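Participant: turn this into a structure:
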Amino acid sequence: MSDVGSDEFDDERGKLGEYDGGRNGAGERHGAGRAVLPNGDVYQGGYESGRRHGQGTYCFKNGARYVGDYYQNMKHGHGTFYYPDGSKYEGLWVEDLRQGHGLYTYPNGDAYEGEWLHHMRHGQGIYNYQETVSKYKGSWVNGKMESAGEYIHSNNRYMGNFVNNN
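Facilitator: Predicted structure coming up:
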């Protein structure tokens, strides 16, 4: 069902943009649909009781794009986020935050694969430095190298404890 030309949904269209897709008995977006939001963002995918839910693709007007799972309007489950600067995160999300196992590739070619908590590297992970071909493998706390780890660079290797990235 399309909202275009429907007096019943004129108010919603002004606040929530244009929508073409299924609706439930309460008139909420439900099932598969496509929304063009007032700010220019576009979402295509599943809805449940008016909220993004299940598989979907959200394209931001700034060029960013998320493809993956939604739960109650939030990125939740497995998904890939493509950032406007060319970086990319592929992995688990919990309530709109990178959380769990994931791979983040930075615009300069560096990459981190490991555990995330509240959008930060946290737990066990490996950071590969593209330019120097170095890597750190070990523990992360709140985005910083912390505790036991191993830093490998060319013919040199350090195994030991790290504190605040050092």
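Participant: middle-most residue in the protein, spatially?
Facilitator: residue 81 (4.3 Å; Cα atoms, centre = their mean).
Participant: what's the helix or strand for it?
Facilitator: Element membership for residue 81 (DSSP states H and E) is strand 74-82.
Participant: tell me which residues in that strand are buried?
Facilitator: Using 16 or more other Cβ atoms under 10 Å as the test for burial, strand 74-82 gives 74-76, 78-82. (C-beta placed from N, C-alpha, C; glycine too.)
Participant: doesn't residue 103 fall inside a helix?
Facilitator: No: per DSSP: H, G, I helix; E, B strand; the rest coil, residue 103 lies outside any helix segment and is strand.
Participant: that one contacts residue 92, correct?
Facilitator: No: counting by Cβ atoms under 8 Å, residue 103 stays clear of residue 92, with 10.6 Å between them.
Participant: the strand holding residue 81 pairs with which strands, parallel or anti?
Facilitator: Sheet pairing of strand 74-82 (DSSP bridges) gives strand 65-71 (antiparallel), strand 88-94 (antiparallel).
Participant: quick revisit: so which of residue 103 and residue 92 has more stuff around it?
Facilitator: Using other Cβ atoms under 10 Å as the criterion, residue 103 and residue 92 rank with residue 92 on top: 20 against 16.
Participant: surely the more buried one meets residue 78?
Facilitator: Yes: under the criterion of Cβ under 8 Å, residue 92 makes contact with residue 78 at 6.1 Å.
Participant: walking through this protein, point out its strands one by one.
Facilitator: Assigned by DSSP state E, the strands in the chain fall at 18-23, 29-36, 42-48, 51-59, 65-71, 74-82, 88-94, 97-105, 111-117, 120-129, 134-141, 144-153, 156-162.
Participant: would you list these in CSV and tack on mean pLDDT?
Facilitator: Formatted as CSV, the strands of the chain follow (pLDDT from 0 to 100):
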stretch, mean pLDDT
strand 18-23, 97
strand 29-36, 97
strand 42-48, 98
strand 51-59, 98
strand 65-71, 98
strand 74-82, 98
strand 88-94, 98
strand 97-105, 98
strand 111-117, 98
strand 120-129, 98
strand 134-141, 97
strand 144-153, 95
strand 156-162, 94
